[in-house]
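**Q** what's the 3D shape of this:
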Amino acid sequence: MRQQWVLKTNIGPVYLVATARGLAGVHFTRQDVAVVKSLRSGEPAHAHLLRAKAQLEEYFTGKRKVFQLEFDISATEFQSRVWKALTRIPYGSTWS
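**A** All right, here's what the predicted structure looks like:
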């Protein structure tokens, strides 16, 4: 089951979606999945949401440059190659 948490950031709300296997999405629009009211539950999806929330908060305050999260993402082979290529872009750089 997918669950989401809304993270308030300086760029607006960020919707984190996770499953028991890992973070399944980071979106700028609300998703059509259950909203979590608290991250204090012991459910596996909550643990992934909690880690993503903490790491994104560190990122937005300039304290984190590398993320250490588990993912549960469905992607085509092409999408997987693109996402892998994106990981090679250094922090603070813009590539096209």
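
**Q** pretty sure Pro13 is in a strand, no?
**A** Yes: assessed with DSSP: H, G, I helix; E, B strand; the rest coil, Pro13 lies in a strand.

**Q** can you offset everything so residue one is 16?
**A** Taking 16 as the first residue, the last one we looked at is Pro28.

**Q** mind listing what it touches?
**A** The neighbourhood of Pro28, defined by Cβ atoms under 8 Å, 6 or more residues apart in numbering, consists of Val21, Leu22, Phe43, Arg45. Using the backbone N, CA and C atoms, a C-beta is placed for each residue, glycine as well.

**Q** same thing but 10 Å
**A** Val21, Leu22, His42, Phe43, Thr44, Arg45 (Cβ atoms under 10 Å, 6 or more residues apart in numbering).

**Q** and the closest residue in space to Pro59 that isn't next to it in sequence, how far is that from Leu64?
**A** Leaving out its chain neighbours, the residue that sits closest to Pro59 by Cβ to Cβ, 6 or more residues apart in numbering is Ala35, at 3.8 Å. Distance from Ala35 to Leu64, counting by Cβ to Cβ, to the nearest Å: 11 Å.

**Q** Settle it for me: which of these two has more neighbours?
**A** Comparing Ala35 with Leu64 by neighbour count (other Cβ atoms under 10 Å), the higher total belongs to Leu64, at 24 against 14.

**Q** which residues of the protein fall in helices?
**A** 59-75, 92-101 (DSSP state H).

**Q** Now stretch 78-93: average pLDDT?
**A** Stretch 78-93 shows a mean pLDDT of 94.

**Q** Return the distance of it from the chain's centre.
**A** 7 Å (Cα atoms, centre = their mean, to the nearest Å).

**Q** What residues of it count as buried?
**A** Phe86, Asp87 (16 or more other Cβ atoms under 10 Å).

**Q** which among the contacts of Pro28 gets closest to Tyr74?
**A** Tyr74 lies nearest to Leu22 out of those, by Cβ to Cβ, at 10.7 Å.
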